[in-house]
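[1] sharing a model that was predicted from the sequence below.
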Amino acid sequence: MFENLSDRLNATFKRLKGRGTLSEKDIEEGLKQVRMALLEADVNYRVAKKVISDIHKRALGQEVMDSLTPGQQVIKIVYDEFSSMMGGSHEELNIGSRVPSAVMLVGLQGAGKTTTAGKLALFLKKKGNRPLLVPVDVYRPAAIDQLTKLGKQLGIPVFAATQDMKPEDICQAAEQMAVQEGFDTLLVDTAGRLHVDDDMMAEIVSLKQCLNPTEILFVADAMTGQDAVNIAGAFDRALDLTGVILTKMDGDARGGAALSIRAVTGKPLKFIGVGEKSTGLEPFHPERMASRILGMGDTLSLIEKAQDSVDQKKAAALEEKLRKNQFTLEDFRDQMVSVRNMGSIKDLMGLIPGINKKMLAGMNIDEREFVRIEAIINSMTPQERQNYAVIKGSRKKRIARGSGSTVQDVNKLLKSYTQSMKMVKKLNKGGMRSLRGMLPF
């Protein structure tokens, strides 16, 4: 989403870093390029003007002019101001001490409220909460069925609402159910409209009074740009929002909404939706996003993704196998699945400091290759997965037929595996400290 902005900023900073000293003219010319980059990214005009003014004041101060590396100091100032513009630090979801507490999701139709409700429920479940999904959209055809189906897929209970019930009655009955069955959080998926109207606002204001929620989260489509910021303002005036969730942040939008929404509305951006998977909801960290935009990577997010995807007991067992050179094809497959569960390989590599867009564009990463490898290993017998040496010519043909691949593909996998095992043996000689660097945790 921020690729064009990142490219423009990096080109500007490259010119600044190449100079031993910076004059006021150099800084003003650089900030002019930063301002243009922000406006092209659809950042609110007033927000862009203020952040450039703040950067300008600091950049002309002693911390830059007296620095041995003035270009680097300017980049640090831009990072600080971008982070501040987006909120400064992450704000946790406020579940509150009252049980059950309610979280209302509001927004226009098509923004992704229902999908986000499921993602948020799964996020809370992983944190140890017991969420109950509550569908109160009795207007959109199949809206209740959509949330019910989603809850079933995720293993999260959904209140059995029907279209002939009133939204307020649904909320009251769901609250009673939560008390009786021990659910600690109600995730209320409210109805949306194609545009802001009085009837919708009156209904969600009534639901707010009924539920007394600890969180009212505005769900907006990041692809709508500054419209999302303006609509958030309308909802905030009626409801006093506590936060915002931007969906479709992995799309082709320019990112202005994410950069502007805190500064314009005063409400924190708490989560971003990235992808269609149920795990595609990330807590929003302004300082990490600023780091990504400036091409510095996001190591902390990469570590968190690994921690969420890797079972620590399995990781310890795997480390023991590697130490004893007992790493099998089955382990090879399981580790590959763990890495795939973390997300797109290119997206993961984009979080690594020093990896830029051009480098990623030059990498020929075919995600389907991982599916093919998994299919080949799954077509092997348990004996073959444990001891690859038994796989001879006739077995390779059978494995290729069973996985829809070729004997050449099977040979390629076995060659890759044996080369990996040779590397493991070498690393074992250097101690497990160096070996840990191979593992995705």
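    Thanks, I have the structure now.

[2] centre of the chain to stretch 106-126, how far?
    14 Å (Cα atoms, centre = their mean, to the nearest Å).

[3] in it, what counts as buried?
    106-108, 111-124 (16 or more other Cβ atoms under 10 Å). (C-beta placed from N, C-alpha, C; glycine too.)

[4] which of the residues you listed fall in strands?
    V106 (DSSP state E).

[5] please, where are all the strands along this protein?
    Ranges of strands within the chain are 101-106, 131-135, 185-189, 215-221, 243-247, 269-273, 281-283, based on DSSP E.

[6] how about those strands, which one is nearest N10?
    Of all the strands of the chain, it is strand 269-273 that lies closest to N10, at 22.1 Å by Cβ to Cβ.

[7] what lies in contact with that closest one?
    For strand 269-273, contacts defined as Cβ atoms under 8 Å, 6 or more residues apart in numbering pick out 86-87, 90-93, 112, 115-116, 119-120, 123, 217, 222, 243-250, 258, 261-262, 280-284, 286.

[8] strand partners (parallel or antiparallel) of that strand?
    strand 243-247 (parallel), strand 281-283 (antiparallel) (DSSP bridges).

[9] which residues does the shortest one contact?
    What that stands for is strand 281-283. When contacts are defined by Cβ under 8 Å, 6+ apart, strand 281-283 is touched by residues 90, 92, 116, 119-120, 122-123, 245, 270-274, 301.

[10] so how many other residues sit close to the nearest residue to D164 once chain neighbours are set aside?
    Leaving aside its chain neighbours, D164 sits nearest to V138 (7.8 Å; criterion: Cβ to Cβ, 6 or more residues apart in numbering). Look at V138: counted by other Cβ atoms under 10 Å, it has 16 neighbours.

[11] any idea what the residue nearest the centre of the chain is bridged to?
    The chain has E282 as the residue nearest its centroid, 3.8 Å off, counting by Cα atoms, centre = their mean. Taking DSSP bridges as the rule, E282 bridges to I272.

[12] returning to what we had before: and of the contacts of strand 281-283, the nearest to A173?
    Top of the list for closeness to A173, among the contacts of strand 281-283 and by Cβ to Cβ, is L120 at 21.2 Å.

[13] list the contacts of the residue nearest to I391 when sequence neighbours are not counted.
    Excluding the flanking residues, the one nearest I391 by Cβ to Cβ, 6+ apart is E384, at 5.3 Å. For E384, the contacting residues are L329, V390, I391, R395, I399, by Cβ under 8 Å, 6+ apart.

[14] what about E384, distance to N378?
    11 Å (Cβ to Cβ, to the nearest Å).

[15] got a list of what the residue nearest to G192 when sequence neighbours are not counted touches?
    Leaving aside its chain neighbours, G192 sits nearest to Q109 (3.7 Å; criterion: Cβ to Cβ, 6+ apart). By Cβ under 8 Å, 6+ apart, the contact set of Q109 is R140, A191, G192, R193, L194.

[16] how far out from the middle of the chain is the longest helix belonging to the chain?
    As assigned by DSSP state H, the longest helix anywhere in the chain is helix 407-429. With Cα atoms, centre = their mean as the basis, helix 407-429 stands 33 Å off its chain's centre.

[17] let's have the chain start at 47 instead
    Shifting the count to begin at 47 puts that one at helix 453-475.

[18] just checking, what packs against that helix?
    If contacts are counted by 3 or more Cβ pairs under 8 Å, 6 or more residues apart in numbering; DSSP states H and E, helix 453-475 sits against helix 358-369, helix 375-387, helix 414-424, helix 439-449, helix 478-481.

[19] now it and helix 414-424, what's the angle there?
    Counting by axes from the mean of the first three to the mean of the last three Cα atoms, to 10 degrees, helix 453-475 lies at 90 degrees to helix 414-424.

[20] and the angle for helix 453-475 with helix 375-387?
    Using the same axes, to 10 degrees: helix 453-475 against helix 375-387 is 90 degrees.

[21] export helix 453-475 as PDB, just CAs?
    What follows is helix 453-475, C-alpha atoms only, in PDB (Å, rounded to 0.1, in the frame of the first residue of the first chain):
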ATOM      1  CA  VAL A 453       9.800 -37.300 -11.200                       C
ATOM      2  CA  GLN A 454      12.000 -34.300 -11.800                       C
ATOM      3  CA  ASP A 455      10.100 -32.400  -9.200                       C
ATOM      4  CA  VAL A 456      10.600 -35.200  -6.700                       C
ATOM      5  CA  ASN A 457      14.300 -35.300  -7.400                       C
ATOM      6  CA  LYS A 458      14.500 -31.500  -7.000                       C
ATOM      7  CA  LEU A 459      12.900 -31.800  -3.600                       C
ATOM      8  CA  LEU A 460      15.100 -34.600  -2.400                       C
ATOM      9  CA  LYS A 461      18.200 -32.700  -3.600                       C
ATOM     10  CA  SER A 462      17.100 -29.600  -1.700                       C
ATOM     11  CA  TYR A 463      16.500 -31.600   1.400                       C
ATOM     12  CA  THR A 464      19.800 -33.400   1.300                       C
ATOM     13  CA  GLN A 465      21.600 -30.100   0.800                       C
ATOM     14  CA  SER A 466      19.800 -28.700   3.800                       C
ATOM     15  CA  MET A 467      20.900 -31.600   5.900                       C
ATOM     16  CA  LYS A 468      24.500 -31.200   4.900                       C
ATOM     17  CA  MET A 469      24.300 -27.500   6.000                       C
ATOM     18  CA  VAL A 470      22.700 -28.700   9.300                       C
ATOM     19  CA  LYS A 471      25.700 -31.000   9.900                       C
ATOM     20  CA  LYS A 472      28.100 -28.200   9.300                       C
ATOM     21  CA  LEU A 473      26.300 -25.800  11.600                       C
ATOM     22  CA  ASN A 474      26.100 -28.500  14.300                       C
ATOM     23  CA  LYS A 475      29.900 -28.500  14.300                       C
END
